[in-house]
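# coordinates for the following, if possible.
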Amino acid sequence: MEPNNETGVDGTATINPKVKSNIILMGPPGSGKTSCGRRIGEKLKMKWIDVDDDLLEKEWKCPVSQKLSELGDELFVKEEGKVLRSLNVENTVISLTGSNPLDEEAMKHMKEGGIVYYLDVYDQDILERLEKMKVNRIVGQGSKSLSSILAYRKSFYESFYDVRVLLGINASADQVFEHTLEAIERYRKLQENTKTFSSTRSLGKEDDLRLSFGEVVLQGLSPDGGLYLPEHTPSFHSWELERLVKVIEEAEKEGESNGYRTLALRLLERWAPEVHPSLLKQFIDNAYQFPNRFDHKDVAPVAHLEGNQYLLELFHGPTASFKDFALQLFPQIFDHYSKILTPNTQFAILVSTSGDTGSATVHGFCEQTPIPVICLYPEDGVSPVQKYQMVTSSSSNLSVMGVESDFDFCQSSIKSIFNDTHFTHGLAQFGVKLSAANSINWGRLLPQVLYHTWAYLLMVKRGEIKLGEEIDVCVPTGNFGNILSALYAKMAGIPFRKLICAANENDVLREFLQTGTYDIRTRNLKKTSSPSIDILKSSNLERLLFLLSSKEKRFRIRQYFESLEKDKHFTIDADLKAEIDWIFWTGSCNDAQTQETITKVFKSTKTVLDPHTAVAKFVADEYDKTLSLQEGEKDTKLVICSTAHYSKFPCPVLSAVGVEPLNTVAEQIAQLKELKAYPQMHKEVEKACTSQILHKKVCGPKVEDIKSEVEGFLQSKYKK
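The predicted structure follows:
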């Protein structure tokens, strides 16, 4: 049952002062709609109508309970809906009955004139209130329990709301009013100005370029070379986090994988309020399906490893890496906005990969949208399995090209192509526009905030930590997107103590976080067993420095990164370095230590780590050693982001567990299966490694050669 929403230029439900001027309060019986509606009307100087008292009883000239008794449930709902459909008012607060949403036509009529706010009250609170109130006018009350009535009605409430008002456990009438008013003001403010994203290289002036969420998703990189980020991000109070834990509990009772999807919806309603919740739900349900897309019912399970350490398993998606969390969701959002904002433009995704982004982008876009993808990867800079996952794709909307250089060259080539106006204007002649799918795109980064939040709340639900208890998070880091999303979760209220940045031998980030100087003048990229973090130019670092800089000093961000481009180094101010020290801890790990870590963990736990997770595990152990002398600190829980399945890196993993790798990738996958270790073999990886290679193109290390291939592929698809 899809709501009939009017949409504005950004594809969102909008308030038209003349047409959708009503505030409509919806929720179960006992949610506080009546008292809240009266107070909202007084506060906003609007008329107020309570459907029960002001419409139904006046129309029927008898108590509602009497009419329900006379008509019975089914006929009562029809008659109630008939009265509601006759209501035509403007600039009015309307408190619906708990059963109004059971009539679809009546709700469509309501939505034509207003915005529906759903008072999402904890079920147990409702049951206790109704028990005390001895209410006798609830549809279905005679034949069903109140709990079953609430469960049945929830799907109707979820179908018709425009804005959710999530309420805390034991929320008082004052709190219901305050939080509803906050939601109304937040929504109205957004409707007045949807241009809430700016570039990291903006100067903080009124005439700086600002874009809407949809525009940012489509554009990716700012014309000034900076990265877009929101001017405001949500903040969750402890009572909201407490309620979200209950949301997970309730959802998991309803079905497998419901916990993650339900939490994701509630979070994105706040992180991406520009997108109507009905669309968000559709996108989320499709992205995080179990078992069709993700092979674990928790989607992102948290497993105890040893001591105070836990693994956040981010490899259960279709391409076995953490990139699936963004790239199962992002393509749907991108496709939606491309149709809404630029219906006459054909988009193409240009992406560079150090291993995992490529296959995840190919799967996400080519499986779920008609948008073509051009994927660049360093020919000798990804694992054989990662390469198989890309070059065996049978999609006709795909061009996969190896490049005889490293990832940094691939990434800088893409930036060069985007900034080449002559080239992009040439593509525009046949209606094509390029966009990026790397984590430089905010739409790619945002879904990663969800699983960091999920991990913490899941541990609270399971009793492994108490709500409000701090934990540490360790992330294997290259382009800085994953750990930056953990910082956004922290800024939103998740009590992460330290964010631990784990680097391999390409440890420019470790050096920067420790010294405040980013220097690649004498560095050459090293090939390691953890290729996805073989990166020297960390794109999302620019967002971090912008976030932590005071407003009056943000102009320096442009200077820093122009200096990096020109002189290959920059040094940040002492005050900015102090902010970084407060949030981050960092360490690095060489290949020998990576191998040793895989060996040690396998022997002690029978768990196999991929090399990137092993880098994080080694650095996490080093971090724990620094705390061992600090009394009371050693018991703090630490979550390690396990960013890929070990089957993507069979050679180093087999060697680490004492098995001599055989010659072919397929044989190596068979050897890994024979280990019978945890976690079990990833079926999609196994399938890719036995598929036919379809993409064999390799380019030299020249941007012009890459441009030629990109143009040729797109002309073959679109030039008439």
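# how about the helices in the stretch 1-150 of the chain?
Ranges of helices in the stretch 1-150 of the chain, per DSSP state H, counting those that start in this stretch, are 33-44, 57-60, 64-71, 73-85, 104-113, 123-133, 146-160.
# now the last one: average pLDDT?
For helix 146-160, mean pLDDT is 93.
# wait, Leu536 sits on Leu525?
Yes - Leu536 lies in contact with Leu525 (CB atoms under 8 Å); the separation is 5.5 Å. From N, CA and C alone the C-beta is placed, and that goes for glycine too.
# now do the shared contacts for these two.
Contact criterion CB atoms under 8 Å, 6 or more residues apart in numbering; residues shared by Leu536 and Leu525: 408, 506.
# so can I have JSON lines of the helices of the stretch 1-150 of the chain showing distance to Glu674?
JSON lines is the format used below for these (distance: least, CB to CB, whole Å):
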{"stretch": "helix 33-44", "distance to Glu674": "61"}
{"stretch": "helix 57-60", "distance to Glu674": "74"}
{"stretch": "helix 64-71", "distance to Glu674": "66"}
{"stretch": "helix 73-85", "distance to Glu674": "61"}
{"stretch": "helix 104-113", "distance to Glu674": "56"}
{"stretch": "helix 123-133", "distance to Glu674": "48"}
{"stretch": "helix 146-160", "distance to Glu674": "47"}
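# of the ones you listed, which is nearest Thr453?
Across those, Thr453 has its closest neighbour in helix 146-160 (20.6 Å, CB to CB).
# ok, now which ones touch the residue nearest to Glu660 when sequence neighbours are not counted?
Excluding its sequence neighbours, the residue lying closest to Glu660 (CB to CB, 6 or more residues apart in numbering) is Leu654, at 7.3 Å. Leu654 sits next to 660-661, 668, 671-672 when contact means CB under 8 Å, 6+ apart.
# so who does Phe572 touch?
Phe isn't right for residue 572; it's Ile. 516-517, 545, 560, 580.
# center of the chain, which residue is that?
Against the mean C-alpha coordinate of the chain, by CA atoms, centre = their mean, the closest residue is Pro447 at 1.2 Å.
# skipping its backbone neighbours, what lies nearest that one in space?
Once flanking residues are discounted, Pro447 sits nearest to Ala326: 4.3 Å by CB to CB, 6+ apart.
# what's the answer for Ile500, then?
Cys474 (3.9 Å).
# state whether the one you found is indeed within a strand.
Yes - going by DSSP: H, G, I helix; E, B strand; the rest coil, the assignment for Cys474 places it inside a strand.
# that one: neighbour count?
Cys474: 32 surrounding residues under other CB atoms under 10 Å.
# now Leu203
Residues near Leu203, counting by other CB under 10 Å, number 13.
# just checking, it touches Arg556?
No - if you go by CB under 8 Å, Leu203 and Arg556 don't touch, sitting 10.7 Å apart.
# nearest to Phe496, of the helices of the stretch 1-150 of the chain?
Across the helices of the stretch 1-150 of the chain, the minimum distance to Phe496, taken as CB to CB, is reached by helix 123-133, at 29.3 Å.
# on contacts alone, who are the packing partners of the closest one?
If you count contacts as 3 or more CB pairs under 8 Å, 6 or more residues apart in numbering; DSSP states H and E, helix 123-133 packs onto helix 146-160.
# among the contacts of Leu654, name the ones in helices.
Among the contacts of Leu654, the ones falling in helices (DSSP state H) are 668, 671-672.
# of those residues, just the buried ones, ChimeraX syntax please.
Buried residues among the ones in helices among the contacts of Leu654 (16 or more other CB atoms under 10 Å), as a ChimeraX selection:
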select :668,671,672
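# tell me the one of the ones in helices among the contacts of Leu654 nearest Ser172?
For the ones in helices among the contacts of Leu654, the nearest to Ser172 is Leu672 (56.0 Å; CB to CB).
# buried stuff in stretch 274-289?
For stretch 274-289, by 16+ other CB under 10 Å, it's 274-281, 283-284, 287-288.
# in strands, which of these fall?
Of those, none are assigned to strands by DSSP state E.
# now pLDDT and distance to Asp295 too, for those residues, in TSV please.
Listed next are the buried residues of stretch 274-289 as TSV, based on pLDDT from 0 to 100; distance: CB to CB, whole Å:
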residue	pLDDT	distance to Asp295
Glu274	95	32
Val275	96	27
His276	96	30
Pro277	97	27
Ser278	97	28
Leu279	97	26
Leu280	98	24
Lys281	97	22
Phe283	98	20
Ile284	97	18
Ala287	97	14
Tyr288	97	12
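# including distance to Val619, could those go into a markdown table?
Supplementary listing: these in a markdown table, determined by distance: CB to CB, whole Å:
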| residue | distance to Val619 |
| --- | --- |
| Glu274 | 37 |
| Val275 | 36 |
| His276 | 41 |
| Pro277 | 39 |
| Ser278 | 42 |
| Leu279 | 39 |
| Leu280 | 35 |
| Lys281 | 38 |
| Phe283 | 34 |
| Ile284 | 32 |
| Ala287 | 30 |
| Tyr288 | 29 |
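# out of those, flag the one nearest to Gln386.
Of all the buried residues of stretch 274-289, Gln386 sits closest to Ala287, with 21.6 Å by CB to CB.
# is it true that that closest one touches Gln328?
Yes - using CB under 8 Å, Ala287 is in contact with Gln328, at 3.9 Å.
# list residues touching both of these two?
Shared contacts of Ala287 and Gln328 (CB under 8 Å, 6+ apart): Arg293.
# show me where the stretch 451-600 of the chain has helices.
So, for the stretch 451-600 of the chain - with DSSP H, counting those that start in this stretch - the helices run 481-491, 508-515, 541-548, 555-567, 574-583, 591-605.
# how far away is the residue nearest to Gln692 when sequence neighbours are not counted from Lys281?
In this structure, Gln692 finds its nearest non-sequential neighbour in Thr392, 6.3 Å apart by CB to CB, 6+ apart. Per CB to CB, to the nearest Å, Thr392 is found 33 Å from Lys281.
# for His363, same thing?
The gap separating His363 from Lys281 is 22 Å, by CB to CB.
# next, count neighbours for the closest residue in space to Leu130 that isn't next to it in sequence.
Leaving aside its sequence neighbours, Leu130 sits nearest to Gly30 (CB to CB, 6+ apart; 4.8 Å). Around Gly30 there are 22 other residues, counting by other CB under 10 Å.
# OK, contacts around Gly30?
By CB under 8 Å, 6+ apart, Gly30 lies in contact with 98, 121, 125-126, 129-130, 133, 135.
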